[in-house]
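Undergrad: How does the following fold in three dimensions:
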Amino acid sequence: MADFSKLKKQSNLGSLTSKLVKEVEKLNSGSGNADDRLWKPVMGKDGVGSAVIRFLPAPGDEEIPWVKMWHHGFKGPGGWYIENSLTTIGQTDPLAEYNRERWQEGEGSEGQKFVRNQSKRKLSYYSNIYVIKDPANPDNEGKVFLFKYGKKIFDKILNAMQPEFDDEKPINPFDLWEGANFRLKIRKVEGYWNYDKSEFDSPEPLLDDDDALEAIWKKEYSLAAITAPDQFKSYEDLKKRLDYVLGLSKPAQRSSVEEEEEYDSYASKASKAKSEEDVLKELESSYKKSKPVSKFTSTKEEEDDDDYMKKFEDLLDD
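TA: Modelled structure (predicted):
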């Protein structure tokens with residue numbers, strides 16, 4: 001059984017922060033339905049958004065307070081491909097294989113342009129958080145959620161653990177006693193969500209009541225479950241979908257129930273990644289009505305789709 005008293009003892013040791021830093025180094029060297037466990041920041045009509053959250057330590061007997069997920073999201077001649085990558089769990093992924101083949105076409109080739117601009121892997125992180133202030137949804141305050149975030153926010157976590165300047169004291173942002181609240185600040189910069197102004201406060205206990213802290217800790221969600229093998233489709237199923245999206249094969253005859261179930265699956269994934277309603281609408285329209293085309297970019301309409309997809313990929317990232 002997980003021991004909360006052990007967690008508090010670790011908060012006074014630099015070894016835990018060092019361990020997290022080493023885990024970052026490992027990451028850098030390596031490669032459903034709407035989920036009510038997930039908290040999502042909200043941007044107002046004025047183009048800004050804010051919230052105050054606290055990153056929480058690893059849940060239960062798990063050791064690392066984050067988990068990474070590689071995924072893909074792009075539109076091809078046969079529709080959309082939005083899938084978790086098997087490379088997340090160290091397995092061979094069909095799109096990774098396809099990208100490798102296209103990349104070998106050489107510098108400046110259509111293959112490298114495709115990989116660089118559309119189909120390369122995207123990385124997201126998941127952590128447990130405690131919501132301190134959420135102006136857009138006050139009902140979320142005082143609750144534990146999972147938070148999906150991208151590299152920009154993860155870099156801020158890393159910078160807190162490994163400050164750039166000698167006069168800055170390292171902190172473990174995930175510590176309940178000696179961590180710090182995170183002020184999430186969102187702006188729109190050139191049409192994309194930007195988190196550059198987000199920052200950590202000075203270190204302080206999340207609460208002064210250890211019993212209350214333990215209750216929060218026990219409400220955390222398993223991170224290991226997010227990347228469990230059953231969260232990924234098989235290589236064969238991914239390859240079948242990829243070939244259809246790339247226009248390399250035609251779909252097998254399916255019942256109306258099977259078609260509807262597959263459509264719901266892809267629409268749901270887009271909904272989880274979206275930050276604006278038109279992302280889902282575009283996905284639904286594309287999946288139901290998309291017609292095969294001979295090339296990825298040959299008409300003005302397709303060029304517009306490429307620009308739209310770039311924005312959608314940024315939403316997936318951040």
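
Undergrad: And the helices in the chain?
TA: When secondary structure is read from DSSP state H, the chain shows helices at 4-10, 14-29, 94-103, 110-114, 151-161, 210-218, 235-245, 256-273, 277-289, 300-317.

Undergrad: hey, least reliable of those helices by pLDDT?
TA: Least confidently modelled of these is helix 300-317, at a mean of 38 by mean pLDDT.

Undergrad: Which pLDDT value goes with the closest residue to Ser202 other than its chain neighbours?
TA: Nearest non-adjacent residue to Ser202, counting by Cβ to Cβ, 6 or more residues apart in numbering: Ala180, 6.3 Å away. All C-beta atoms are positioned from the backbone trio N, CA, C, and that covers glycine. The score at Ala180 is 97. That number is its pLDDT.

Undergrad: mind listing what Ala180 touches?
TA: 160, 171, 173, 200-204 (Cβ atoms under 8 Å, 6 or more residues apart in numbering).

Undergrad: Whichever of the residues you listed end up buried, select them in ChimeraX.
TA: Written as a ChimeraX command, the selection of buried residues from these, which uses 16 or more other Cβ atoms under 10 Å, is:
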select :160,171,173,200,203
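
Undergrad: Quick check: bridge partners of Gly79?
TA: Using DSSP bridges, the beta-bridge partners of Gly79 come out as Gly76.

Undergrad: What is the burial count for it?
TA: Here the neighbour count serves as a burial measure; for Gly79 (other Cβ atoms under 10 Å) it reads 22.

Undergrad: I'd guessed it sits against Val245; true?
TA: Yes: counting by Cβ atoms under 8 Å, a contact exists between Gly79 and Val245, whose distance comes to 5.7 Å.

Undergrad: Give the residues shared as contacts by the two.
TA: With Cβ under 8 Å, 6+ apart applied, the contact sets of Gly79 and Val245 do not overlap.

Undergrad: where's Ser124 relative to Gly73, distance?
TA: In this view, Ser124 and Gly73 are 11 Å apart by Cβ to Cβ, to the nearest Å.

Undergrad: What's the local residue count around the closest residue to Gly47 other than its chain neighbours?
TA: Spatially, and ignoring its direct neighbours in sequence, Gly47 is nearest to Lys188 (4.3 Å; Cβ to Cβ, 6+ apart). Lys188 is surrounded by 13 other residues when neighbours are defined as other Cβ under 10 Å.

Undergrad: In the stretch 1-150 of the chain, where is pLDDT below threshold?
TA: With pLDDT under 70 as the threshold, the stretch 1-150 of the chain has low-confidence stretches at 1, 12-19, 21-34.

Undergrad: And the strands in it?
TA: All strands of the stretch 1-150 of the chain, identified by DSSP state E, counting those that start in this stretch, fall at 38-39, 48-55, 67-76, 79-84, 122-133, 144-149.

Undergrad: re earlier: just checking, which of the contacts of Ala180 belong to strands?
TA: With strands taken from DSSP state E, the overlap with the contacts of Ala180 comprises Phe200.

Undergrad: need the contacts of Ala180 in JSON lines with distance to Leu20, can you?
TA: Supplementary listing: those in JSON lines, determined by distance: Cβ to Cβ, whole Å:
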{"residue": "Ala160", "distance to Leu20": "10"}
{"residue": "Ile171", "distance to Leu20": "11"}
{"residue": "Pro173", "distance to Leu20": "9"}
{"residue": "Phe200", "distance to Leu20": "15"}
{"residue": "Asp201", "distance to Leu20": "19"}
{"residue": "Ser202", "distance to Leu20": "20"}
{"residue": "Pro203", "distance to Leu20": "15"}
{"residue": "Glu204", "distance to Leu20": "19"}
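
Undergrad: From the contacts of Ala180, pick the one nearest Pro94.
TA: Distances from the contacts of Ala180 to Pro94 were compared by Cβ to Cβ; the smallest belongs to Pro173, at 36.3 Å.

Undergrad: Would you list the phi and psi of that closest one?
TA: Here the main-chain torsion angles of Pro173 (degrees, to the nearest 10) amount to phi -60, psi -20.
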